Structures are given as structure tokens and as C-alpha cells.
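> for reference, the sequence and a predicted model appear below.
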Amino acid sequence: MTIAPEKTETQVQLRLGEEWIALCALSLLTPGRGVAALLPDGRQAAVFLDREGAAYAIDNRDPFSGAQVLSRGLVGSSSGQPFVASPLLKQRFDLASGRCLDDESVSVTAYEVRLSTDLVVGSGSTA
């Protein structure tokens with residue numbers, strides 16, 4: 001019998017209250033693109049990996065249209081701050097703070113994100 005070696009896999013985790021929720025493996029994210037994640041409370045988060053390897057998460061709901069689309073927005077930067085532009089009306093949201101760069105009175109929730117390396121044990125097989 002052989003056993004596959006142990007390996008580590010970096011996970012993207014989001015903080016909800018006092019709890020950290022595993023969203024996905026870091027390897028599933030593409031720099032400069034977003035993905036939507038369904039949270040345990042029914043809300044959606046838009047998760048991004050910038051070109052420098054930093055992960056961010058904000059509400060996926062565009063407050064101007066009400067649509068769950070921010071994960072499909074265009075990622076860019078302004079004065080060194082990463083943002084996502086809504087694919088519908090093009091308002092830009094700071095990925096670190098959730099603040100709308102085009103209307104100071106509007107913001108979305110920005111979640112604390114961390115990368116965590118967890119040990120994954122390989123599956124056994126017979127030889």
C-alpha cells in the first residue's frame with residue numbers, strides 16, 4: 001500500500017464576526033479577476049486577487065443597481081489603491097475599504113481576508 005504525500009494548500013479565508021470562513025483555494029483565483037462566493041448567512045462576497053498576490057473581499061451587491069455583479073467588474077488601481085469598477089454603471093469601489101471612489105456617500109462592506117495554509121492529507125491507495 002502507498003499513501004500519497006501530505007501537502008499544503010493555501011486557502012482564502014474571510015472573517016464573518018469572530019469566525020473565519022474558508023472560501024476557496026488560492027490557486028482557483030486569477031489575478032485581476034473576481035469570483036462570487038456565497039456566505040453562510042446568504043449574502044454574496046466578491047473575492048479578488050490583485051496582480052501582486054493580495055486577496056480582497058467586498059459585498060458582491062452593487063448599491064447603485066441592486067444587482068449581484070461586482071465580482072464581474074474590472075479591476076484596476078487609482079493612486080496605488082486597488083479598486084473594482086461595477087460592470088453596470090462603472091462606479092469604482094476601493095477593494096480595501098469598500099468606499100465608492102466616485103460618490104463619497106456610498107460604500108459596500110469590505111471583509112477582512114487572510115491566506116491560510118492548511119495541511120491536506122493525501123488519499124491512500126493500494127499498490
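Good, I have the coordinates. The structure displayed is predicted, hence computed values, not measured ones. Residues are numbered from 1 along each chain as shown.
> point to the helix or strand of the protein where mean pLDDT is at its lowest.
Lowest by mean pLDDT, DSSP states H and E among the helices and strands of the chain is strand 124-125, with a mean of 42.
> now the strands for the chain?
Listed from the start of the chain, the chain has strands (DSSP state E) covering 2-3, 7-16, 19-25, 34-38, 44-49, 55-59, 74-78, 81-85, 92-94, 110-111, 113-120, 124-125.
> need the ones you listed in a markdown table (columns: distance to Leu101).
Glycine gets a C-beta too; all of them are placed from N, C-alpha and C. Below are these laid out as a markdown table (distance: least, CB to CB, whole Å):
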| stretch | distance to Leu101 |
| --- | --- |
| strand 2-3 | 51 |
| strand 7-16 | 22 |
| strand 19-25 | 25 |
| strand 34-38 | 17 |
| strand 44-49 | 15 |
| strand 55-59 | 13 |
| strand 74-78 | 6 |
| strand 81-85 | 6 |
| strand 92-94 | 4 |
| strand 110-111 | 13 |
| strand 113-120 | 20 |
| strand 124-125 | 52 |
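> just put those in JSON lines and tack on mean neighbour count and distance to Gly66.
Shown next, in JSON lines, are these (neighbours: other CB atoms under 10 Å; distance: least, CB to CB, whole Å):
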{"stretch": "strand 2-3", "mean neighbour count": "10", "distance to Gly66": "51"}
{"stretch": "strand 7-16", "mean neighbour count": "16", "distance to Gly66": "22"}
{"stretch": "strand 19-25", "mean neighbour count": "14", "distance to Gly66": "23"}
{"stretch": "strand 34-38", "mean neighbour count": "18", "distance to Gly66": "15"}
{"stretch": "strand 44-49", "mean neighbour count": "24", "distance to Gly66": "12"}
{"stretch": "strand 55-59", "mean neighbour count": "24", "distance to Gly66": "12"}
{"stretch": "strand 74-78", "mean neighbour count": "14", "distance to Gly66": "20"}
{"stretch": "strand 81-85", "mean neighbour count": "20", "distance to Gly66": "17"}
{"stretch": "strand 92-94", "mean neighbour count": "22", "distance to Gly66": "15"}
{"stretch": "strand 110-111", "mean neighbour count": "20", "distance to Gly66": "19"}
{"stretch": "strand 113-120", "mean neighbour count": "13", "distance to Gly66": "24"}
{"stretch": "strand 124-125", "mean neighbour count": "9", "distance to Gly66": "49"}
